[in-house]
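> Next one to model:
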Amino acid sequence: MSEHLDASWFTEAFTRCGSAFSLKITAKLHEEQTQYQKLAIYDTETYGKLMVLDGCVMLTDRDNFLYHEMMSHPALFTHARPRRVVIIGGGDCGTLKEVLKHPGVEKVTQIDIDERVTWAAEQWFPALVESNQDPRAELLFEDGVKWVDECEEASVDLIIVDSTDPVGPAEGLFKVDFFKRCFRILREGGILVQQSESPLYHTHSIIKELHTDMQAAGFQTTATLPFPQPVYPSGWWSCTMAGKECNVKQFRDADASARPFDTEYYSADIHRGALALPPFMQRVLNRR
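Down below sits the predicted model:
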């Protein structure tokens, strides 16, 4: 059943893919042009609070756990012993919160270029920032690429690139040159994980190129893990991992099953299933 969408609906149109996603809005809570992007916060009828950057849905109260859990736990349970974690982007702090659930993690540095995103999360998404005062957390607001360049060689176990789409401020985070810089600062056994867009819309382009570029940067193994994400284009999203002397297609199954914290989506079974790609993705990613 279709309805006319009036001004009480927020709609993000994916013009190149001929599709759109809409949420019924009950109030606009905030809007500003930051130094880097247009930031807006809405209240919705069924998805709670909604954050929008440059007209694109970033997160909602209702389903953000899908993205944040899959951007963090698969990589953390793949690494043999993750102690030093770096998050590039992630200003809403949801991924930071999930990383800090792991008691073996000793320090997490989050570098987001736009401090206003974190400010907005503090105002309207308090559940996401509840771990910001953890003594293991360090929040920096600067250029993530520059920070990586200045970081000591072989000093990091895990890099999570929790970025927006590969346009504007995030464009440089999807390039082989950036992956080489990440490879340099990772220790042996280190892992890089990058949000990698929609398997339905982007396997032939962004996801395929990520695998090629990560391997060209020196990473020996790569793996894409799809997961549901209703508010993102096509409703189906993914993260792609790359391992430095580490097989990212294997993980610490027993530790994931016995994890000492609660999750809403992630489990050892979910992790195992996400590694089993559908045939169309296998064909594209295996093509030389």
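
> hey, let's count contacts and neighbours off CA atoms from now on
Will do.

> centre of the chain versus whichever helix in the chain runs longest, how much separation?
For the chain, the helix with the greatest residue count under DSSP state H is helix 64-78. Here the centre of helix 64-78 is set off from its chain's centre by 8 Å, with Cα atoms, centre = their mean, to the nearest Å.

> helices and strands around the helix or strand following it, which ones?
Using DSSP states H and E, the next helix or strand after helix 64-78 towards the C-terminus is strand 84-89. Under the contact criterion of 3 or more Cα pairs under 8 Å, 6 or more residues apart in numbering; DSSP states H and E, strand 84-89 touches strand 107-111, strand 156-162.

> Can I get the ones you listed in a markdown table including mean neighbour count?
Converted to a markdown table, those look like this (neighbours: other Cα atoms under 10 Å):
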| stretch | mean neighbour count |
| --- | --- |
| strand 107-111 | 22 |
| strand 156-162 | 26 |
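
> can you tell me which of those comes nearest to residue 141?
Closest approach to residue 141 among the helices and strands packed on strand 84-89 is made by strand 107-111 (5.6 Å; Cα to Cα).

> For that closest one, which outside residues touch it?
Strand 107-111 is contacted from outside by 83-91, 96, 99-100, 136-144, 147, using Cα atoms under 8 Å, 6 or more residues apart in numbering.

> Counting neighbours, which of those end up buried?
The neighbour-count criterion (16 or more other Cα atoms under 10 Å) marks 83-91, 96, 99-100, 137, 139-140, 142, 144 among the contacts of strand 107-111 as buried.

> if we can go back for a sec, any chance of the helices and strands packed on strand 84-89 in JSON lines, with distance to residue 191 and mean pLDDT too?
Below are those laid out as JSON lines (distance: least, Cα to Cα, whole Å; pLDDT from 0 to 100):
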{"stretch": "strand 107-111", "distance to residue 191": "14", "mean pLDDT": "98"}
{"stretch": "strand 156-162", "distance to residue 191": "5", "mean pLDDT": "97"}
